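1. What shape does this take:
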Amino acid sequence: MSTIVTNTITGLSTAANITIGSTPVVSASANSLTIRGEGSAQTSVQQGLAKAWCHYEGDQTAAFKDSFNMAGITDLATGRHSVTYTNNMNNAFYAASACGSTQRRGHTDTDSHATTGVSFEYEAGNSTTFTDAAQNQHIIVGDLA
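-> Model (predicted):
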């Protein structure tokens with residue numbers, strides 16, 4: 001097996017493309033990196049990555065069990081928590097998803113989206129009663145500032 005060590009790879013036709021065989025694998029331009037996805041579609045590496053996520057126990061003292069790009073968590077009330085980001089989002093129009101353990105419905109408080117963080121609410125089963133879930137997970141996708 002051979003090893004290639006280099007600082008720069010330059011394509012023959014365009015310096016921004018990497019091709020293996022006859023298949024273009026990666027294309028790069030200023031602040032953008034795409035990779036060949038399924039079929040002939042190109043997938044943006046930046047747009048396809050989670051920008052923040054966390055897992056925490058919500059029925060005791062709220063604290064992250066594990067997280068990425070999360071600065072802090074606040075227990076607002078029964079079934080309600082807010083998180084703040086280490087690195088802010090570019091705007092308040094990102095996607096935030098939530099899920100909780102054992103028949104808990106998690107969702108974002110849509111009025112709380114801010115570049116610095118977001119609030120989540122958990123309800124028991126199909127009711128509208130807020131309840132603390134033992135295990136909570138959140139994922140944030142969108143553009144970082």
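
2. Asn90 against Ala145, yeah?
-> Yes: Asn90 is within contact range of Ala145, at 4.8 Å (criterion: Cβ atoms under 8 Å). C-beta here means a position set from N, CA and C on the backbone, and glycine is covered the same way.

3. Mutual contacts of these two, please.
-> Thr115 (Cβ atoms under 8 Å, 6 or more residues apart in numbering).

4. count of neighbours near Thr116?
-> 13 (other Cβ atoms under 10 Å).

5. domains for the chain, by residue range?
-> The chain breaks down into these structural domains: 1-48, 52-141 (assignment by automatic domain parsing).

6. Same list, the ones you listed, but as a markdown table with mean pLDDT please.
-> Shown next, in a markdown table, are the domains of the chain (pLDDT from 0 to 100):
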| stretch | mean pLDDT |
| --- | --- |
| domain 1-48 | 70 |
| domain 52-141 | 88 |
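
7. Could you look over the ones you listed and pick the most buried one?
-> Comparing the domains of the chain by mean neighbour count (mean count of other Cβ atoms under 10 Å), domain 52-141 ranks first with a mean of 17.

8. residue contacts, Ser101?
-> Contacts of Ser101 (Cβ under 8 Å, 6+ apart): 133-136.

9. For Trp53, see how far away it is.
-> Note on Ser101: its distance to Trp53, by Cβ to Cβ, to the nearest Å, is 16 Å.

10. what's the answer for Asp59, then?
-> Distance from Asp59 to Trp53, by Cβ to Cβ: 20 Å.

11. Thr131 now?
-> 22 Å.

12. go on, Glu38?
-> Taken as Cβ to Cβ, the span from Glu38 to Trp53 is 24 Å.

13. Repeat that for Glu123.
-> 21 Å.

14. what does Thr78 give?
-> Counting by Cβ to Cβ, the gap from Thr78 to Trp53 is 24 Å.

15. Please list all residues in contact with Lys65.
-> 55-57.

16. quick one: contacts for the spatially most central residue of the chain?
-> For the chain, Ala50 is the residue whose C-alpha lies nearest the centre (Cα atoms, centre = their mean; 2.4 Å). Ala50 makes contact with 68, 139-141, according to Cβ under 8 Å, 6+ apart.
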